[in-house]
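Undergrad: Take a look and give me a structure for this.
(one chain, ligands or ions: 1)
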Amino acid sequence: MTSPDSGPDWAALAEAFTPRRRIFVDGDWRDAVSGETFATVSPRDGRVLAEVARGAAADVDAAADSARRAFEDGRWSRSAPAERKRVLLRLAELIERNGAELALTDALDGGKLVAETSTVDVPGSAAIVQWYAEAIDKLYGEVAPVGPSALATVTREPLGVVGAVIPWNYPLEMAVWKLAPALAAGNSVVLKPAEESPLSALRLAELAVEAGLPDGVLNVVPGLGVEAGQAIGLHPDIDAVAFTGSTEVGKLFQTYAGRSNMKQVWLECGGKSANVVFDDVEDLDAAADLAVFGFLACSGQVCSANARLLVHRSRHDELVALLLDRVAAKVVGDPLAAASTMGPLVSAKQLDRVQGYVESGRREATLAFGGARLHTETGGSYQEPTVFVDVPQSAAVWREEIFGPVLAVAAFDTEEEAVRLANASPYGLAASVWTDDLRRAHRVAGRLDAGTVSVNTVDALDVTVPFGGVKQSGYGRDLSLHALDKFTSLKTTWIQL
Ligand code: NAD
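TA: Model prediction:
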């Protein structure tokens, strides 16, 4: 359904929306062994979108069995890299071809702006699948320099069965960040999407089979974290878990591994990124534009969100004024409406959590903008963008990851102080630096505890560069060729001559 000028008629498509809602194992749909379901609710209006099969331990067992069988018989794991490329390129094409449906799914299920899911999440996901497809038949092994009496090769082998457990903020993209390199490397996968937004992963699995992925190589088990997620973590026959989510649950996965088979655990966890603006910045408008993008993209539900803004005292008032103008211009509303520039939070629970932080912020800092729940009459989970200034380091809104559209601003006097304040966090996912002084940019970037430092921009991200954190933001990297490290093991073969 497309209207001539404005693209798809999203509201009409939403009326006709019929998502997949069962567990996907061995290339086919099934109900949960328990027969139970859980409701996935749209934060757009609080309505139940679908009753989805509630996968738990028995379903994870079935998915892991199917993945293991597929791995062992080599239908995918021992196929030629060029064959894997062909299938994954076709999957990238199918993601694009079914883009409107996938974009609508994440907009309804996760409350993301359809204007963004259709132009960022869906094309970005297709591009990532394509990139790993194209990479996989260009990677060579090594011959070690052991001398003339032996031949020693070092090759990369797939690990086996990979469990992928992902969050709700970018449901399709997070699935693809894990699946694309894991599948390209020849692994089988058991994927558990977040219970808040399980629907696009189910459709993705179906598209993968349509693209030619053999049955059993990709299995998707929707369900609750404490049930299906924990079962993946504790499973004795899953070789590795790639997890994106909160630091708290990331730590649980480490214990699950210790209590079961010592599986490899790769963690992409929380963040509280600092955005540091120095006094020498000429283009303060650009800094203001991107500071707003940095804390409001995806309604602030981004692990690398620039949730702390540190501004040199001499430019503080000027930047805050520019920023508040832009924040005031935001239109919070229906994620399907063309006029909306910010959608709801993912759930009523997340809205309550953010409101808790707004309350503590009111006590501990100065509220400069926002704070309210919006559009309560719709039944949706809408939060006004919120800015606190004069925020002390001791405040919860400064220290803790809120995962909502809340910015904490503080002033600094010296470069030394800026670095100290930025690094005073248990997290180390990303940071941004604004300066027109190249030497300072280089010096400060080197001193910030972060997996990615963006200079004169925010949230620099591309499939070609690794993404991940230090400290309690996790370890291991998504994206780039480095992501393949976590989905392969090195095999040394020594032939005595
Ligand atoms: P979450 O940790 O609650 O859930 C993530 C996943 O873990 C979900 O699939 C969930 O079902 C599962 N899970 C929850 N409890 C579990 C348990 N006890 N055992 C096993 N699995 C369990 O996170 P969320 O609320 O979905 O997402 C928000 C968090 O994710 C934030 O902390 C954010 O920073 C983080 N995140 C990080 C990145 C990154 O790349 N570093 C990206 C996106 C989100």
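
Undergrad: interface residues of the chain facing the ligand?
TA: Within the chain, the residues that sit near the ligand (CB under 6 Å from any ligand atom) are 165-169, 192, 194-195, 225-226, 229-230, 233, 244-246, 249, 252, 268-271, 303, 401, 403, 429, 469, 473-474. Glycine gets a C-beta too; all of them are placed from N, C-alpha and C.

Undergrad: From those, list just the buried residues.
TA: Listed as buried from these are 165-169, 192, 194-195, 225, 229-230, 233, 244-246, 249, 252, 268-271, 303, 401, 403, 429, 469, 473-474; burial here means 16 or more other CB atoms under 10 Å.

Undergrad: In helices only, show me these.
TA: Among those, the members falling in helices are 230, 233, 249, 252 (criterion: DSSP state H).

Undergrad: just those now: which is nearest residue 82?
TA: residue 233 (34.4 Å; CB to CB).

Undergrad: pLDDT value on the closest one, please?
TA: For residue 233, the pLDDT comes out at 99.

Undergrad: Give the closest residue to it in space, chain neighbours not counted.
TA: With sequence-adjacent residues excluded and distances taken as CB to CB, 6 or more residues apart in numbering, residue 233 is closest to residue 256, at 3.0 Å.

Undergrad: and if you look at residue 390?
TA: Using CB to CB, 6+ apart and skipping the chain neighbours, the partner closest in space to residue 390 is residue 366 (4.7 Å).

Undergrad: who's in contact with the one you found?
TA: Going by CB atoms under 8 Å, 6 or more residues apart in numbering, residue 366 touches 388-391.

Undergrad: Would you mark the buried spots in the one helix or strand residue 316 maps to?
TA: Taking DSSP states H and E as the definition, one finds residue 316 inside helix 316-328. Going by neighbour count (16+ other CB under 10 Å), the buried part of helix 316-328 is 316, 319-320, 322-324, 326-327.

Undergrad: Pick the one among those closest to residue 90.
TA: Comparing those against residue 90 with CB to CB places residue 326 closest, at 41.9 Å.

Undergrad: Below-threshold pLDDT in this protein: ranges please.
TA: Filtered on pLDDT under 70, the chain yields the residue ranges 1-6.

Undergrad: ok, the ones in helices among the buried ones among the residues of the chain next to the ligand vs residue 215, which is closest?
TA: Using CB to CB, those come closest to residue 215 at residue 233, 25.0 Å.

Undergrad: ok, residue 358 touching residue 406?
TA: Yes. Contact criterion CB atoms under 8 Å: residue 358 and residue 406 qualify, at 6.9 Å.

Undergrad: Those two: who's more crowded?
TA: Neighbour totals were compared for residue 358 and residue 406, and residue 406 leads with 24 against 21 (other CB atoms under 10 Å).

Undergrad: excluding its backbone neighbours, what's nearest the residue of the stretch 301-450 of the chain found nearest the ligand?
TA: For the stretch 301-450 of the chain and the ligand, the shortest gap (CB to the nearest ligand atom) falls at residue 303, measuring 3.1 Å. The shortest distance from residue 303 to any non-neighbouring residue, by CB to CB, 6+ apart, is to residue 271 (4.8 Å).

Undergrad: before we move on, what about residue 354?
TA: residue 404 (3.5 Å).

Undergrad: The one you found and residue 301 touch, don't they?
TA: Yes. Between residue 404 and residue 301 there is a contact under CB under 8 Å: 6.6 Å.

Undergrad: ok, now which ones touch residue 53?
TA: Applying CB under 8 Å, 6+ apart, we find residue 53 in contact with 21-23, 30-32, 36-37, 59, 222-223.

Undergrad: which other helices and strands contact whatever helix or strand residue 422 lives in?
TA: Secondary-structure assignment from DSSP H and E places residue 422 in helix 415-423. In this structure, helix 415-423 packs against strand 274-277, strand 308-312, strand 406-412, helix 438-447, with contacts taken as 3 or more CB pairs under 8 Å, 6 or more residues apart in numbering; DSSP states H and E.

Undergrad: Dump the C-alpha coordinates for the last one into PDB.
TA: Written as PDB, here are the backbone C-alpha positions of helix 438-447 (Å, rounded to 0.1, in the frame of the first residue of the first chain):
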ATOM      1  CA  LEU A 438      43.700  18.700  16.300                       C
ATOM      2  CA  ARG A 439      46.300  18.100  19.000                       C
ATOM      3  CA  ARG A 440      43.700  18.300  21.700                       C
ATOM      4  CA  ALA A 441      41.400  15.900  19.800                       C
ATOM      5  CA  HIS A 442      44.100  13.300  19.500                       C
ATOM      6  CA  ARG A 443      45.300  13.700  23.100                       C
ATOM      7  CA  VAL A 444      41.800  13.600  24.700                       C
ATOM      8  CA  ALA A 445      40.600  10.700  22.500                       C
ATOM      9  CA  GLY A 446      43.600   8.700  23.700                       C
ATOM     10  CA  ARG A 447      42.800   9.300  27.300                       C
END
